[in-house]
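Participant: Please find the sequence and the predicted model below.
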Amino acid sequence: MTGQRIAIIGAVAAGGSAAFKIKRIQPQATVQVFEADEFISYAACGLPYYVSGVIEDYRHMIMRDPADFAQAGIELFTSHQVESIDLSRRAIHVSNQKEQARKTFPFDTLLLATGARSFIPRVEGVHLHGVAGLRTLGDGLELYSMAHQSNIKRVVIIGGGYIGLELAESFKVLGKDVTLVEQQERVMPGIDDDMSALLEEEVSRKGVALRTGESLVAFAGDRQNQVRRVITDQGEYDVDLAVMALGVVPNSELAAEAGIRLGSRGAVVVDRYQRSSVPEVFAAGDCAETFHRVLQKNVYIPLGTNANRQGRLAAENICGVRKEYRGSLGSAVAKVFDRSLARTGLSEKEARDHEIPAAATKIEARDNAPYYPGGSSLHIKLVYNIFSGEILGAQIVGSEKAVKRIDVLAAAISSRMTLEELSDVDLAYAPPFSEVWDALSVAAAASEGERLRKKDLTGKEPS
């Protein structure tokens, strides 16, 4: 592996992490990183908070700049679009977008870290001025500019997932009139309905006009091609700015054109070593599938945490370390006004969709001692195997103290702990942080009691 030529397509999360890891393991390797954008290695998760002005300078979200790449001995090519992959010659064909020049770069090993892009529906008016998305740093700069204009008063957000809810808060911080349209019957479709209902209460309480069960039909504009109305299957909304937050799709076209196998939602199929169907090609991040720790199979989970871990792991395997990806649980948190959402593992619906004999229990508990001021409720839902008691997933809605507890639950699921085992874990206690019996201990004990009752009613475990 000494002195190999490694080409990496993408320089945001997975690609940047991989490049630096490779140079640490193999300083003599030639590492060339190609990025179609001018921005590299930035924290996209901070973009909603930049739009609101909570993060005052977008440069604070940039983790590494070109000088850092150069200092590490990495050849970085920004504004360079990879047009095709020639597997027979082990080369990529690249276009320099600034100089309008094309060049071919050979490689021994290739890493695809092309990420994902916002899903943009093919509806009338989607290209009007004032119809925006939020995925890249460039998107963030453009949306910030529009959001801070005094004539932008009415904002409609299409999509009620993580980005949609975070942007609803951002625009309310800016004093805008905000409407949020979600096609599903509940916001945050990835969690169970009874938990998303708690988020809807908070969103509505903060003055966001929530419209669930409505589908986008079209945008309508004026003679200057400025968006003026959002049209759904149930009505129309006057608007100065429309933001689409409808999720993402993997940037996997290069892989598909090269004959590399695609799988879940069009993402690149990878093994536990991040190797694609072509031995000399690896893939990591939002363009690739992710091995799910509970389901024990590949799914699509586009998260920055996964991207960075997969990028580092791909780097190790490219350098011959031979290390398996242990899997993801889809652990995530989000701030929704004064409430926090935290989740890990499977939801109740996901477990049942995968025909796992699962049940769930939800409790409400305090996040500190009842005699200590300032506490609030934590709504905790545990999903578990009804026969074994193994914890499969969890969701928490409440204060920011949900974050500590979801991390405990992620560790518990990774260790295949049962409800009974979790109820016996020695969790820390002090009045400002929990009751003597922590909310997790209470949830585990209540869930175990309910599991035993349900198991008796269900009967024997299926063979």
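Facilitator: Here it is on my side, so go on. Numbering: from 1, shown residues only.

Participant: helix/strand/coil for Arg211?
Facilitator: Arg211 falls in the strand class when you classify it by DSSP: H, G, I helix; E, B strand; the rest coil.

Participant: Could you pull up phi and psi at the nearest residue to it once chain neighbours are set aside?
Facilitator: Ranked by Cβ to Cβ, 6 or more residues apart in numbering and with sequence neighbours excluded, the top spatial neighbour of Arg211 is Val181, at 4.7 Å. Where C-beta positions appear, they are placed from N, C-alpha and C, glycine not excepted. Backbone torsions for Val181, taken as degrees, to the nearest 10, come to phi -110, psi 130.

Participant: got a list of what Val181 touches?
Facilitator: Contact analysis of Val181 by Cβ atoms under 8 Å, 6 or more residues apart in numbering lists Val156, Ile157, Ile158, Gly159, Gly160, Arg211, Glu214, Leu216, Val230, Thr232, Tyr237.

Participant: The fifth one is in contact with Thr179, isn't it?
Facilitator: No. Applying Cβ atoms under 8 Å as the test, Gly160 and Thr179 come out as separate, 11.2 Å apart.

Participant: Give the residues shared as contacts by these two.
Facilitator: Counting by Cβ under 8 Å, 6+ apart, the shared contacts of Gly160 and Thr179 are Leu210.

Participant: quick one, which of those two is more surrounded?
Facilitator: Shown here are Gly160 and Thr179; by other Cβ atoms under 10 Å, Gly160 has more neighbours (28 against 21).

Participant: does the more buried one sit in a helix, a strand or a coil?
Facilitator: Gly160 - assigned by three-state DSSP - is coil.

Participant: circling back: tell me how far the residue nearest to Arg211 lies from Pro48.
Facilitator: 17 Å (Cβ to Cβ, to the nearest Å).

Participant: Contacts only, for Lys335.
Facilitator: Glu166, Glu169, Glu400.

Participant: Adding distance to Arg59 as columns, could you present those residues in TSV?
Facilitator: Output for the contacts of Lys335, formatted as TSV (distance: Cβ to Cβ, whole Å):
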residue	distance to Arg59
Glu166	20
Glu169	23
Glu400	26
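
Participant: now Pro121, nearest residue through space, not along the chain?
Facilitator: Leu216 (6.3 Å).

Participant: What strand or helix carries Glu67?
Facilitator: Let me fix one detail, which is that residue 67 is Ala and not Glu. helix 66-71 (DSSP states H and E).

Participant: just checking, Arg326 touches Arg293?
Facilitator: Yes. Using Cβ under 8 Å, Arg326 is in contact with Arg293, at 6.7 Å.

Participant: between these two, which one's more packed in?
Facilitator: Arg293 (18 against 11).

Participant: contacting residues around the more buried one?
Facilitator: By Cβ under 8 Å, 6+ apart, the neighbours of Arg293 are Arg326, Gly327, Ser328, Leu329, Gly345, Ile413, Ser414.

Participant: Most neighbours among the residues you listed, please name it.
Facilitator: Gly345 (28 neighbours).

Participant: Give me the pLDDT for it.
Facilitator: Model confidence at Gly345, given as pLDDT, is 98.

Participant: what's the answer for Gly459, then?
Facilitator: pLDDT, read off for Gly459, is 67.

Participant: swap in Glu99?
Facilitator: Reported pLDDT for Glu99: 87.

Participant: what's it sitting at in phi/psi?
Facilitator: According to degrees, to the nearest 10, Glu99 has phi -100, psi 0.

Participant: what does Thr78 give?
Facilitator: phi -90, psi 160.

Participant: Pretty sure it sits against Ile40.
Facilitator: Yes. Shown here, Thr78 and Ile40 form a contact pair, counting by Cβ under 8 Å, at 6.3 Å.

Participant: ok, the two, which is more surrounded?
Facilitator: Ile40 (22 against 18).

Participant: returning to what we had before: pull the most distant pair out of the contacts of Arg293.
Facilitator: Arg326 and Gly345 (14.0 Å; Cβ to Cβ).

Participant: all helices for the stretch 51-200 of the chain, in order.
Facilitator: Under the criterion DSSP state H, counting those that start in this stretch, helices of the stretch 51-200 of the chain are mapped to 66-71, 137-147, 162-173, 193-205.

Participant: Pull up the gap between Arg293 and Val383, please.
Facilitator: 14 Å.

Participant: Overlap of the contact sets of those two?
Facilitator: In contact with both Arg293 and Val383: Gly345, using Cβ under 8 Å, 6+ apart.

Participant: I appreciate the help and will end here.
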